[in-house]
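In: Starting from these lines, generate the structure:
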Amino acid sequence: MNQITNSLKPQPVWRSIGLELHHDISQFLYAEAQLLDDWKFRDWLDILSEDILYTLKTTTNAQTRDRRKCIAPPSTWIYHDDKFVLERRVAKLETGMSWSEEPPSRTRHLITNIRVEATEQANEYQVFSNYLLYRSQKEKDVLVYVGKRVDLIRKDDSSSLGWKIAKRDITLDQATLISHNITVFF
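Out: Model prediction:
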């Protein structure tokens, strides 16, 4: 038993937060998911900070020997957007002229395994979560996206939900994207 215990690597120090704060942040993420599923994109934009960085990439396939050496093949970056680009994407969807969203996709965002860590900044938290995004369109087009998100959120009383997203890093579990387009938000 001692050999096993001694061979474990030391774990990073966990900065515990209270249950009420964890619940508040979780409810914020669930409310955000509902905004996206209900196509309330203008309301969604309002909970993004002005300095947001919104990234989406695929995962990489690396051999075990390369992972041990910390060698990873490059990811495919799908989004690397700031607030201006996100606003333009929403504006395009609102025109009804976005051919890839006619008819509009039906989505369901499922957020789980939410873990919150305090940062060095007061009222700013790093939030780790897993997600499943179910997307259906027309009669037979169905896609499922699964992955992880790392968000930086800030307490902001000017926001309708009390929080703003300052950064979102999304990594799809898929190494190869099979979708004919990605016009939905994660």
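
In: can we go C-alpha only for contacts and neighbour counts from here?
Out: Will do.

In: got the residue ranges for the helices in this protein?
Out: Using DSSP state H, the helices assigned to the chain run over residues 2-7, 19-37, 41-46, 64-68, 83-95.

In: Quick one: closest of the ones you listed to residue 183.
Out: helix 83-95 (8.2 Å; C-alpha to C-alpha).

In: Quick one: residues in contact with stretch 169-186.
Out: 36, 54-61, 100-101, 105, 109, 133, 143, 145-151 (C-alpha atoms under 8 Å, 6 or more residues apart in numbering).

In: quick one on the thing from earlier: quick one: the helices of the chain as TSV, columns for mean pLDDT too.
Out: Shown next, in TSV, are the helices of the chain (pLDDT from 0 to 100):
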stretch	mean pLDDT
helix 2-7	47
helix 19-37	97
helix 41-46	97
helix 64-68	60
helix 83-95	95
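
In: Out of the ones you listed, which gets nearest to residue 158?
Out: helix 41-46 (9.5 Å).

In: How far away from the center of its chain is the closest one?
Out: Centre-to-centre, helix 41-46 and its host chain are 15 Å apart (C-alpha atoms, centre = their mean, to the nearest Å).

In: repeat for stretch 26-41
Out: Distance, centroid of stretch 26-41 to centroid of chain: 12 Å (C-alpha atoms, centre = their mean).

In: And stretch 148-158, by the same measure?
Out: On C-alpha atoms, centre = their mean, the centre of stretch 148-158 falls 11 Å from the chain's centre.

In: Check stretch 176-186 too.
Out: Per C-alpha atoms, centre = their mean, the centroid offset for stretch 176-186 relative to its chain is 14 Å.

In: how much space between residue 114 and residue 130?
Out: 7 Å (C-alpha to C-alpha, to the nearest Å).

In: Same question for residue 117.
Out: Residue 117 sits 15 Å away from residue 130, going by C-alpha to C-alpha.

In: Repeat that for residue 180.
Out: 23 Å.

In: Compare these two (neighbour count), which wins?
Out: For residue 180 versus residue 130, the count of surrounding residues by other C-alpha atoms under 10 Å is larger for residue 130: 18 against 8.

In: I'd like to know how far the closest residue to the more buried one other than its chain neighbours sits from residue 128.
Out: Counting by C-alpha to C-alpha, 6 or more residues apart in numbering, residue 130 lies nearest to residue 148, which is 4.4 Å off, once chain neighbours are set aside. For residue 148, the distance to residue 128 (C-alpha to C-alpha) stands at 7 Å.

In: Provide a list of residues in contact with residue 124.
Out: So residue 124 contacts 118, 152, 153, 154, 155 (C-alpha under 8 Å, 6+ apart).

In: No more questions from me, cheers.
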